[in-house]
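1. Starting from these lines, generate the structure:
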Amino acid sequence: VQLQASGGGLVQAGGSLRLSCAASGRTFSTYAVGWFRRAPGKERAIVAAINWSGDSTYYADSVKGRFTISRDNAKSTVYLQMNSLKPEDTAVYYCAARLTTLIVTTLNYGNWGQGTQVTVSS
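-> Residues are numbered from 1 along each chain as shown. Below is the predicted model:
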């Protein structure tokens, strides 16, 4: 499966953005998906994850209550709604997919999209 992330941009602190991860290729509904980010000088870290059906989700502590991951399998797209953004959310955001019915909360994904830059100004 090929992944295309989009929706990044520049936003003021407190603002919102919605990232999209569009998939093409194989049946997307059989894939677990995760959103990751890499901030300057830091390692890539998981932000949120969702299982194939969308009924199981995971969030990093730093984004709980502010970010929401969801998916529309009919559109082969996973979304990351980001609210109450903070300067520390500034990073390149990546989506990744893995052929499994389970939710995956590690870096153990086989398919990665290109990143989309999110910059939050103070």
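2. OK, contacts around the most centrally placed residue in the chain?
-> Taking C-alpha atoms, centre = their mean, the centroid of the chain lies closest to Trp35, which sits 2.5 Å from it. Contact partners of Trp35, counting by C-beta atoms under 8 Å, 6 or more residues apart in numbering, are 19, 21, 46-49, 69, 78, 80, 93-96. Heads up, the C-betas are built off the backbone N, CA and C, glycines and all.
3. let's see it at 6 Å
-> Taking C-beta atoms under 6 Å, 6 or more residues apart in numbering, we find Trp35 in contact with 47-48, 80, 95.
4. What of Leu3?
-> Counted by C-beta under 6 Å, 6+ apart, Leu3 has contacts 21, 23, 95, 97, 111, 113.
5. now do 10 Å
-> 21-25, 28, 31, 33, 76, 78, 94-97, 109, 111-114 (C-beta atoms under 10 Å, 6 or more residues apart in numbering).
6. And the strands in this structure?
-> 2-6, 9-12, 17-24, 31-38, 45-50, 57-59, 67-72, 77-82, 91-99, 111-112, 116-121 (DSSP state E).
7. Using PDB, write out the CA atom coordinates for the second one.
-> Below are the C-alpha coordinates for strand 9-12, written out as PDB (Å, rounded to 0.1, in the frame of the first residue of the first chain):
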ATOM      1  CA  GLY A   9       1.000  23.900   7.700                       C
ATOM      2  CA  LEU A  10       1.700  26.800   9.900                       C
ATOM      3  CA  VAL A  11      -0.800  27.500  12.700                       C
ATOM      4  CA  GLN A  12      -0.800  29.600  15.900                       C
END
